[in-house]
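> build me a model from this:
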Amino acid sequence: MKRNIRLLSAALATALAVTLAGCSMPQAAESLPSFIPDDVIKETAGIPRDTVLFKVNGADVKAEDYLYWVVYGADSMSQYGDIDWTMDLGDGTTMTEYLKKNAMQTAKLYKVVENKATELGYSMSDTDKKDYNDEISSMKSQLKQQVSSLGMDLTEDGAFQYWLAIIGLSKEGFARVNQASYLYNDLTQGIFGKDGSQAPTDEDFNTWLDQNGTMRVKHILVKAVADQSTSDDGMATALEKATQIRAELSAAGDTEEKFDELMKADSDDVDNSGALNSPDGYTFGPDDSLTQEFKDASAALEIGQISEPVAVNNASSGGYSGYHIIMRLSADTDETRDSYAKDLMNKQVDSWMDETQVQTTDAYDNLDIQAFYTALTQLRTKMQDEAIPSPSPSPSDSSVPAGSSAPTDSSTPQPSASPAA
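Next comes the predicted model:
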C-alpha cells in the first residue's frame, strides 16, 4: 500500500478559505486572540487535548493528534454536502465508523514512523527544522492575507493560530504531526537511500526498473501545421523536416551531443516562452498518459539508440499531430533511485504497521466524533463572527428626514459618514 506521509504545508492552508466559506520547531507564540479557546479539543470534545486515546506499541497518541485526522476526513466529506453520519457505506460500516477507523489508521501510521525513528536514532535535523520554520513563515503570510480579505484584523501569528483552531490543533500538535513527514524522509534515505544501511544493489534496482516498465527518453517533436485552405494536414511537410533531422543525427554518429543540439534548435515541445520542456528527458512507465505510439517506439529502443521518425496523429481529439524522433536514455537517475527507495520504504512501513499493537483507552471508546465535529463547526462560526469587527451602526430611522429615499432595511450595513472637508 502506498503510504502518504506529508507535510501540512502552505498548500493545505488554502483550506481556510473553503472552511470559512462553509460557516526551531514550535516558535514563540503571541498570546492567543481572545476569541480562540485555550484548548479547542476540550471546548469541542470535552476532554483535554493531551488526553491519551490509545497507545501504539506502548507510545501515547493524544486526543488532538487523533482528532485532527477526524477533522481532515470530515471536512473532506462535508465538501459534498451535509454529512450523513449513519449512512451505510455498503459493507455494514457507517460513515461514523469509517471516519473514526480511518483517522485511527492515519494516526497509527504517523506514530509508527515516530516510534521507529526514535528506535533507530533519527530526529529532525537542523536542515529539517529550518525548512519547517520557513514553511511556517510562508503559511503565516498567506493566512494573514486570507483573513484580512475576510475583514479580520489579525497579526500573522494570530491568523496562524486561528487556522490551527479551525483544524483542531495547537502549535505543539501541529509540530508533532508535521515532524512525521521529515522523519519518514530521513528514514527512507537512511535505510534505502544511496548510502543507507540497506541500500539496494544495482541489480535489484535494474530489476525494479524492468518490472515497472520505467523508461527515460529525450525527443525531438516536429509538429504538423495544417493548412485549412487546402485541407493539407501538414504531415508530409513535418515528415520531410523530421527525416532531414534524422539524417543530420546519423551523419554525426547518433551522438547525444548532436541530439541535444538539434532538440534545442528544432523541437516543438516548448513552453509558452519558447523554452524546451524537460530538456533532460522524460521518465515514465506503461501507465503514464503518453501516446501509445510514443511508448511503443521508446520500448523498442536500446539505451543510446535513436528512433526513426514516429508518427502521431491526435489532431482529431484536440491534440497535436506530427513526428517524434526519440532517443532512449538510461533510467538510472537520482529521481528513479529516490522512487525506488520510497517504494521499498512503503513496503517496510506496511510490515511495521502489520506488526503494531494498538491499545485503546476508555476516552477513545467513549468518544463521539459526530458530536465533536458538530461542536467544532459551531466553534468555527463563533470564532469567525467574533473575529470580524461589527459594521458601524446605521443612523436610526428617526434621523432620516421625512420623504427620504434612504433604505429602511436595518439589516443592511450602512457606510459611516465621511468627515467634513
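> so how many other residues sit close to the nearest residue to Asp39 once chain neighbours are set aside?
Nearest residue to Asp39, sequence neighbours excluded (C-beta to C-beta, 6 or more residues apart in numbering): Arg49, at 5.3 Å. Heads up, the C-betas are built off the backbone N, CA and C, glycines and all. Arg49 has 22 neighbours, counted by other C-beta atoms under 10 Å.
> ditto for Ala180
Around Ala180 there are 21 residues (other C-beta under 10 Å).
> repeat that for the one 10 residues further on.
By the criterion of other C-beta under 10 Å, Gly190 has 19 neighbours.
> could you do the one 5 residues further on as well?
For Asp195, the count of nearby residues is 7 (other C-beta under 10 Å).
> and it, helix, strand or coil?
coil (DSSP: H, G, I helix; E, B strand; the rest coil).
> give me the pLDDT value at it.
The confidence metric pLDDT takes the value 91 at Asp195.
> that older thread, quick one: contacts for the residue nearest to Asp39?
Asp39, Val40, Ile41, Lys42, Lys62, Ala63, Glu64, Ser170, Gly173 (C-beta atoms under 8 Å, 6 or more residues apart in numbering).
> same thing but at 7 Å, please
With contact set as C-beta atoms under 7 Å, 6 or more residues apart in numbering, Arg49 has these partners: Asp39, Ile41, Lys42, Lys62, Ala63, Glu64, Ser170, Gly173.
> now the helix or strand Thr381 falls within: how far from the chain's centre is it?
Using DSSP states H and E, Thr381 sits within helix 369-387. In this view, helix 369-387 has its centroid 25 Å away from the chain centroid, taken as C-alpha atoms, centre = their mean, to the nearest Å.
> mind giving me the packing neighbours of it?
helix 40-45, helix 63-78, helix 95-119, helix 156-167 (3 or more C-beta pairs under 7 Å, 6 or more residues apart in numbering; DSSP states H and E).
> mind putting those helices in a markdown table, mean pLDDT included?
Listed next are these as a markdown table, based on pLDDT from 0 to 100:
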| stretch | mean pLDDT |
| --- | --- |
| helix 40-45 | 97 |
| helix 63-78 | 96 |
| helix 95-119 | 96 |
| helix 156-167 | 93 |
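> hang on, Val222 is in a helix, isn't it?
No. Val222: not assigned to a helix; according to three-state DSSP it is strand.
> how near is Tyr182 to Thr291?
Distance, Tyr182 to Thr291, using C-beta to C-beta, to the nearest Å: 39 Å.
> which one's more surrounded, these two?
More neighbours surround Tyr182 than the other of Tyr182 and Thr291, with 22 against 15 (other C-beta under 10 Å).
> residues in contact with the more buried one?
Tyr182 touches Met124, Asp128, counting by C-beta under 7 Å, 6+ apart.
> so Ile83 sits right up against Asp75, yeah?
No. With contact defined as C-beta atoms under 7 Å, Ile83 does not reach Asp75; the gap is 9.7 Å.
> one step back: most neighbours among the contacts of Arg49, which one?
Neighbour max across the contacts of Arg49 (other C-beta under 10 Å) = Glu64, 29 neighbours.
> isn't it up against Phe174?
No. Glu64 is not in contact with Phe174 according to C-beta under 7 Å; the separation is 9.1 Å.
> which parts of the stretch 151-300 of the chain are strands?
215-223, 282-284 (DSSP state E, counting those that start in this stretch).
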